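> can you look at this prediction? I've put the sequence above it.
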2 protein chains.
Amino acid sequence: MANKPIIEPRILKGFRDTLPQSAIVRTKMINILQDVFAAHGFTPIDTPALEYTETLMGKGSDETDKQMFRFMDNGERDVALRFDLTVPFARYAAMYIDSFGTPFKRYHIGLAWRGEKPQRGRYREFHQCDIDTIGTRSIYADAEILAVIGKALKALDINYRFKINDRNLMNALLAKLQVSDKKTAVLRAIDKKDKLGEDVVRTELVKEAGLSEAIVAEIFSFLALSNKDNKASEGLARVRQYFNGDEAAKKSLAELECVFAYLNNNNISEERYGFDLSITRGLDYYTGLVFETIFLALPEYGSIASGGRYDNLATLYTKRELPGVGGSIGLERILGGFEELLRIEKRISPAQVFVTMIDNNDLDYLLKVANLLRASGVYTEISLETGKLGNQFKYAEKKGIDLVIIAGDAEKLAQTVNLKQLSSGEQQSAIALADLVNIVKSK
Amino acid sequence: MANKPIIEPRILKGFRDTLPQSAIVRTKMINILQDVFAAHGFTPIDTPALEYTETLMGKGSDETDKQMFRFMDNGERDVALRFDLTVPFARYAAMYIDSFGTPFKRYHIGLAWRGEKPQRGRYREFHQCDIDTIGTRSIYADAEILAVIGKALKALDINYRFKINDRNLMNALLAKLQVSDKKTAVLRAIDKKDKLGEDVVRTELVKEAGLSEAIVAEIFSFLALSNKDNKASEGLARVRQYFNGDEAAKKSLAELECVFAYLNNNNISEERYGFDLSITRGLDYYTGLVFETIFLALPEYGSIASGGRYDNLATLYTKRELPGVGGSIGLERILGGFEELLRIEKRISPAQVFVTMIDNNDLDYLLKVANLLRASGVYTEISLETGKLGNQFKYAEKKGIDLVIIAGDAEKLAQTVNLKQLSSGEQQSAIALADLVNIVKSK
């Protein structure tokens, strides 16, 4: 082996290695999400990375079809790596829903692959995090998805705000204006309002959708009744007044009221959500509630959690009707945001404390100290080697561990330790073991 | 979309969907492992699923080369899915070790893919869980890997026993017998002892390795000095006596003593490990300590955690010498074992409590109750629909949730709930909210 030529160690374009500092944060984030989801009765599931191309092809857009990592396997099967978690979930639901029963609530955190043009923040391999409730039309399912995502973002210590809408309100408006046939064009155009500006969208609605100037003006004054920055309850009242008992709008308005109350009852108050008629989520797929989420510390960053209600998840695989509601949390985007906000510490070890070793005759005592800390949830690394203390401090510093413990024969005899904080240089001597955990936790 | 023909929902041969009951257990297992690893200063890392074939090819066996999922991507790059986590780690270490510093301690839990012939318990996509310390020759690194794996298995509630050896003891024996040139053949033959029986191995050593009957007899009487069922310290004493001060064996014996002491100092007592000279771990790769692990409830199940020390991790990618020690925990095998031992509950929801809903006017109160339980770490699902209580009980039962809460207007007024255990039919009425968490936790 040693005589073989050295192969250049490199990775594929558009792919990434996860270095310790990112991996530590991502692992923690995923653990927090898993815990919040499970606490609300959402079960984890998983599906294979590789599926028959037939199962995946034509279920996303033409773009995702082109971007698929697709090949013939050794058994001459036409296979591809999944490009999202939604299509595999539709296939999965079609296969097992009868044995699970409905409603079925699941989350799925996993990798997906797309041969996209690599660009800043976009990779060919990325994590997705989806949460859905299927097999029910209950509005409480919609409300719960929002509540769970809100609690998850709070648990991640993210200052967020939802933008919530029901697509059927726009449908009701278009019916009222007798231009229901333009529904798709209008929803798509409005979806681009934030990106392209109001003027571009007005022109598109007149020139391409063929709407009159008057109708377009009415649509825009309708949109102005609500916006993300106003109180959701006030926007709702204005829209209710606008529709003045219109039957088509009634159900949606009642449901939105229900959703807002559900959020309030989960300690998600009105600062955390806005009612915004211009949220449409471009996809034809959605049929009711839709939402996006602003990362308030990075408002220009794009939505960090989006989703909505759909009529039927798995049409392509089963005749069984599976209405549902779901959302996707942008794990990678949030991680990128944390990096931008410098919320990721540069660290190579997840440990908070490093136990140095002066003399390996004291190792039994040092292990006792380390295990004491670990038993209290303090991640603790212990030196693998004796050697100059200065070098051991340097090692801890390089790994990002700020607290070091020093103990030799005298401390072993006295059952104490010395604790040093590397960043400040502060040292506390002769700490009794009974006090150690509290002192460490206070740092 | 609705008029398209229905596609048969199916998955590829050798692949699996993870159903809720397995996903709940696997998620929990992985969380436990992550926590134990991090508590000892091992950092998570990740590498791409897809790499240049050149990076992966020829680094495993001819068999793994043949089993690789290999193809040309859209950019005409020859790529393959990783078949283990060791080869990518070697590539990774070569790229980043200078910035991390040594020793570097990492774990990696991730998927790997092999186009193996599907057979019971073997899949084409599987999780691996590796833990390694590289860049040090310290015997404490070896000891720590064993201690961490022991603690991890304990945390998984597995009754286990290590079989530990140092390959250099066999080398010392062969040197003493002046047949050092037969080293590889002897190690490989002995590795098969448990599988094929002693007689087959004796014959192989005489016929294929060309050893004399007397030498083979000596090897077997040496092996008999230790075995997994004896006390490790006694085996060590016998081997020390056998070598009688032999320089070549001295270091290994001292190191094994060190490892055993380290385990004892981590509350891993002698019942948990045996010294077993016949453990060699077939691979040429290992150069010192080697170990395997028995699942005591399923002793015929094969090792559930194995590994050892190696001289150089990344020869193929860097001239830098990277000695290390590592182990691999057989996640899939353990999960299979749990299934065989019926330790996996049939459940579709991770929730422990289901809150029923009689009247949606009480939803605010029901959410208060649910959030109270969740805040105390009790996973709680709340009904999405009103409707017959009997149907709501059936739903909870189908999802594997045994405790249900019933509360209507009267309970809301009194701030109490009724709790029913579905399996026993027992019901406790008018529980004050202040007592609820404790009562639920006692069930």
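It's in.
> neighbouring contacts of the worst-scoring helix or strand of chain A on mean pLDDT?
One helix or strand of chain A scores below all others by mean pLDDT, DSSP states H and E: helix A:193-196, with a mean of 84. Defining contact as Cβ atoms under 8 Å, 6 or more residues apart in numbering or on different chains, one finds that helix A:193-196 is touched by A:Val201, A:Leu223, A:Ser278. Just so you know, the C-beta spots here come from the backbone N, C-alpha and C atoms, and that holds for glycine as well.
> now do the buried residues in that helix.
Across helix A:193-196, burial judged by 16 or more other Cβ atoms under 10 Å in any protein chain shown covers A:Lys193.
> and if you look at stretch A:411-428?
Those would be A:Glu411, A:Lys412, A:Thr416, A:Val417, A:Asn418, A:Leu419, A:Lys420, A:Leu422, for stretch A:411-428 by 16+ other Cβ under 10 Å.
> for my notes, confirm the fifth one occurs in a helix.
No - with DSSP: H, G, I helix; E, B strand; the rest coil as the criterion, A:Asn418 is located in strand rather than a helix.
> measure whatever residue of the stretch 151-300 of chain A ends up closest to chain B to B:Ser376 for me?
Chain B sits closest to A:Asn265 of the stretch 151-300 of chain A, with a gap of 4.4 Å, by Cβ to the nearest Cβ. Separation of A:Asn265 from B:Ser376 (Cβ to Cβ, to the nearest Å): 18 Å.
> looking at the two now, which is surrounded by more residues?
A:Asn265 (18 against 13; other Cβ atoms under 10 Å in any protein chain shown).
> so which bits of the stretch 51-200 of chain A are right by chain B?
A:51-52, A:54-55, A:69, A:71-75, A:77, A:79, A:81, A:91-92, A:94-96, A:100-101, A:103-106, A:111, A:113, A:115, A:124-125, A:133, A:136, A:138, A:140-141, A:144 (Cβ under 8 Å from any Cβ of the partner chain).
> in helices only, show me those.
A:Glu54, A:Thr55, A:Arg91, A:Tyr92, A:Ala94, A:Met95, A:Tyr96, A:Phe100, A:Tyr140, A:Ala141, A:Glu144 (DSSP state H).
> for the nearest residue to A:Tyr379 once chain neighbours are set aside, give its distance to B:Lys105.
With Cβ to Cβ, 6 or more residues apart in numbering or on different chains as the criterion, A:Tyr379 has its nearest non-adjacent residue at 4.5 Å, and that residue is A:Ala351. Separation of A:Ala351 from B:Lys105 (Cβ to Cβ): 9 Å.
> could you do A:Arg188 as well?
Shown here: A:Arg188 relative to B:Lys105, a distance of 52 Å by Cβ to Cβ.
> looking at those two, which is more packed in?
The neighbour count for A:Arg188 versus B:Lys105, taken as other Cβ under 10 Å, is higher for B:Lys105 (31 against 17).
> neighbours around A:Leu33, how many?
22.
> and it, what is it in contact with?
A:Tyr107, A:Ile109, A:Cys129, A:Ala152, A:Ala155, A:Leu156, A:Ile329, A:Leu331.
> phi, psi for A:Ser303 please.
Backbone torsions of A:Ser303, given as degrees, to the nearest 10, read phi -60, psi 140.
> at the contact with chain B, which residues of the stretch 201-350 of chain A appear?
Going by Cβ under 8 Å from any Cβ, the residues of the stretch 201-350 of chain A near chain B are A:261-262, A:265-267, A:314-319, A:348-350.
> so how do I select the buried members of the residues you listed in PyMOL?
Buried members of these, defined by 16+ other Cβ under 10 Å, are picked up in PyMOL with:
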select buried, chain A and resi 262+265+266+314+315+316+317+318+348+349+350
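> looking at the residues of the stretch 201-350 of chain A next to chain B, which is nearest B:Ala23?
Of all these, A:Ala314 has the smallest distance to B:Ala23: 19.2 Å, by Cβ to Cβ.
> who touches that closest one in this structure?
A:Ala90, A:Arg91, A:Ala93, A:Ala94, A:Arg320, A:Leu322, B:Pro9.
> any idea how far it lies from A:Leu81?
For A:Ala314, the distance to A:Leu81 - Cβ to Cβ - is 21 Å.
> same question for A:Asn159.
35 Å.
> quick one, which of those two is more surrounded?
Per other Cβ under 10 Å, whichever of A:Asn159 and A:Leu81 has more neighbours is A:Leu81, with 24 against 13.
> circling back: so after the least confident helix or strand of chain A, what's the next helix or strand?
Following helix A:193-196 in sequence order, the next helix or strand is helix A:198-207 (DSSP states H and E).
> distance between the ends of stretch A:315-332?
End-to-end distance for stretch A:315-332: 30 Å, by Cα to Cα, to the nearest Å.
> go on, stretch A:119-128?
18 Å.
> just give me how far that stretch sits from the chain centre.
14 Å (Cα atoms, centre = their mean, to the nearest Å).
> quick one: average pLDDT of that stretch?
On average, the pLDDT along stretch A:119-128 is 88.
> save the contacts of A:Leu33 as a markdown table, and put in distance to B:Lys28 and neighbour count too.
Output for those, formatted as a markdown table (distance: Cβ to Cβ, whole Å; neighbours: other Cβ atoms under 10 Å in any protein chain shown):
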| residue | distance to B:Lys28 | neighbour count |
| --- | --- | --- |
| A:Tyr107 | 14 | 27 |
| A:Ile109 | 14 | 20 |
| A:Cys129 | 18 | 24 |
| A:Ala152 | 18 | 26 |
| A:Ala155 | 18 | 14 |
| A:Leu156 | 21 | 18 |
| A:Ile329 | 21 | 27 |
| A:Leu331 | 20 | 20 |
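> okay, now the unreliable bits of the stretch 101-250 of chain A?
For the stretch 101-250 of chain A, the stretches with pLDDT under 70 are A:228.
> contact partners for A:Pro44?
By Cβ under 8 Å, 6+ apart, the neighbours of A:Pro44 are A:34, A:37-38, A:106-109, B:18, B:20, B:23-24, B:26-27, B:350.
> show me those that map onto helices.
A:Gln34, A:Phe37, A:Ala38, B:Pro20, B:Ala23, B:Ile24, B:Arg26, B:Thr27.
> right, and the pair among these with maximum separation?
Top of the distance list for the ones in helices among the contacts of A:Pro44 (Cβ to Cβ): A:Phe37 and B:Arg26, 14.8 Å.
> if you count what's nearby, which of those two comes out ahead?
A:Phe37 (27 against 20).
> ok, the closest residue to the more buried one other than its chain neighbours - contacts?
The shortest distance from A:Phe37 to any non-neighbouring residue, by Cβ to Cβ, 6+ apart, is to A:Tyr107 (4.4 Å). By Cβ under 8 Å, 6+ apart, A:Tyr107 lies in contact with A:Leu33, A:Gln34, A:Phe37, A:Phe42, A:Thr43, A:Pro44, A:Ile45, A:Cys129, A:Asp130, A:Ile131, A:Asp132.
> tell me how far A:Tyr107 lies from B:Ser226.
49 Å.
> next one: A:Val404
Taken as Cβ to Cβ, the span from A:Val404 to B:Ser226 is 39 Å.
> ok, those two, which is more surrounded?
B:Ser226 (28 against 23).
> tell me who's in contact with the residue nearest to that one when sequence neighbours are not counted.
The shortest distance from B:Ser226 to any non-neighbouring residue, by Cβ to Cβ, 6+ apart, is to B:Gly235 (3.3 Å). Residues in contact with B:Gly235 (Cβ under 8 Å, 6+ apart) are B:Leu225, B:Ser226, B:Asn227, B:Gly274, B:Phe275, B:Asp276, B:Leu277.
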